[in-house]
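**Student:** Kindly return the folded structure for what I paste below:
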Amino acid sequence: RLEQTLPTPGLDIYLTIDIRLQRIAEEVLGDHTGAIVAFDPKTGEILAFVSKPDYNPNLFVNGISHTDYNALNNNPEKPFLNRIMQGRYPPGSTIKPQIALAGLEQGLITPTSNISCQGFYQVPGSKHKFRDWRRWGHGKVNLYLSLVQSCDIYYYDLAYRMGITPMTDFLKQFALGTPTGIDLLGESHGVSPTPAYKRQTFNQPWFDGETVTAGIGQSYWLATPLQINQATTIIAQRGKAFTPHILKATRNPGTQEIISIEPTPATPITLRNPDYWQSVIDGMVGVVHGSQGTAKRISTGLKYQIAGKSGTAQ
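**Tutor:** Below is the predicted model:
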């Protein structure tokens, strides 16, 4: 033996998880396949972090058996997949608030401007009809109603007039299709739909219809639940946010010194008119509490106000 380095104890860690909220999230998700993640918007601390189905990590402590490992690895529900930060899904209508902000910022819409929704949208010069989720349409729709009723036609038209590159460039500021920087390994990037992405991935040109469907979170959009939560947090904080993190503090077991982890501010988003934030937030409150809100059912018996956005993705 020429040299020996004695092992040193690792640091004790404290997490940001709120155990009561974590238990509630676990119970609510139950046996369903899905994910629940909750932040403290003012610090970026992750309060609940649940991905189902999951597995018992203690199986790996002393060496997992081939039988147990193969059962997990071959499970079609993919328990090894952390859906919160690795599951990539079309965000659907959940990103309409961010797209609305892009339209406001670029002067394509105002909080009071209207469109007429008759249940379908056609690109100029094309006979193809892009349908609204409500077959007979929504009638006269402004920004507020477009969010409350989740009018697809409003966002088809806005996306087409905006163009795919200005739209995705704006939404990247909200961590949509880009990593949030969470302090865990293995975070997925997601996908922001661009002509360059399609050319590189499929060697195909971009079509106007793909811009139209990108306006409702379809097309080639892929985002993780973590990214969607961060994007929503940025709206809640009116452009300010923090990088999501799950490590709260460390403690040296020898000296007992505790070192707290300071929140890391994300790059703030500044709009030319700060009132735009409130216009979108008002619409998100109407989604839950408005008489025509797509999520009004969850407001029954609430003792506090919620701003939210429903979404259904193919």
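
**Student:** gap between the helix or strand harbouring Asp282 and the chain center?
**Tutor:** Asp282 belongs to helix 275-289 when assigned by DSSP states H and E. Chain-centre distance of helix 275-289: 17 Å, with Cα atoms, centre = their mean, to the nearest Å.

**Student:** what packs against it?
**Tutor:** Under the contact criterion of 3 or more Cβ pairs under 8 Å, 6 or more residues apart in numbering; DSSP states H and E, helix 275-289 touches helix 96-105, helix 143-148, helix 225-236. Quick note: C-beta positions are derived from backbone N, CA and C, even for glycine.

**Student:** Just put those in JSON lines and tack on mean neighbour count and distance to His289.
**Tutor:** As requested, those are exported to JSON lines (neighbours: other Cβ atoms under 10 Å; distance: least, Cβ to Cβ, whole Å):
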{"stretch": "helix 96-105", "mean neighbour count": "24", "distance to His289": "16"}
{"stretch": "helix 143-148", "mean neighbour count": "25", "distance to His289": "9"}
{"stretch": "helix 225-236", "mean neighbour count": "24", "distance to His289": "16"}
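
**Student:** For those helices, give me a markdown table that also has distance to Gly186.
**Tutor:** Below are these laid out as a markdown table (distance: least, Cβ to Cβ, whole Å):
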| stretch | distance to Gly186 |
| --- | --- |
| helix 96-105 | 25 |
| helix 143-148 | 33 |
| helix 225-236 | 11 |
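
**Student:** Would you mind giving these as CSV with mean pLDDT and distance to Pro79 added?
**Tutor:** Below are these laid out as CSV (pLDDT from 0 to 100; distance: least, Cβ to Cβ, whole Å):
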stretch, mean pLDDT, distance to Pro79
helix 96-105, 97, 31
helix 143-148, 97, 36
helix 225-236, 96, 16
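
**Student:** what's the closest of the ones you listed to Ser126?
**Tutor:** In terms of Cβ to Cβ, the element of the helices and strands packed on helix 275-289 nearest to Ser126 is helix 96-105, at 21.3 Å.

**Student:** how far is the closest one from where the chain is centred?
**Tutor:** 15 Å.

**Student:** Check stretch 280-294 too.
**Tutor:** Stretch 280-294 sits 18 Å away from the centroid of its parent chain (Cα atoms, centre = their mean).

**Student:** Quick check: beta-bridge partners of Ile36?
**Tutor:** Val50 (DSSP bridges).

**Student:** and the helix or strand of the chain with the lowest mean pLDDT, C-alpha only, in CSV?
**Tutor:** Lowest by mean pLDDT, DSSP states H and E among the helices and strands of the chain is helix 66-73, with a mean of 90. The C-alpha trace of helix 66-73 is given here as CSV (Å, rounded to 0.1, in the frame of the first residue of the first chain):
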residue,chain,number,x,y,z
HIS,A,66,-32.7,-9.2,-12.5
THR,A,67,-36.4,-10.1,-12.1
ASP,A,68,-37.2,-6.9,-10.3
TYR,A,69,-35.2,-4.7,-12.7
ASN,A,70,-36.7,-6.3,-15.8
ALA,A,71,-40.2,-5.9,-14.4
LEU,A,72,-39.5,-2.1,-14.0
ASN,A,73,-37.6,-1.7,-17.2
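
**Student:** what does it rub up against?
**Tutor:** 55, 59, 79-80 (Cβ atoms under 8 Å, 6 or more residues apart in numbering).

**Student:** so which one among the residues you listed has the lowest pLDDT?
**Tutor:** Lowest pLDDT among the contacts of helix 66-73: Leu59, with 87.

**Student:** hang on, that one is in a helix, isn't it?
**Tutor:** Yes - the assignment for Leu59 is a helix, going by DSSP: H, G, I helix; E, B strand; the rest coil.

**Student:** Count the neighbours of it for me.
**Tutor:** As a burial measure, Leu59 scores 13 neighbours (other Cβ atoms under 10 Å).
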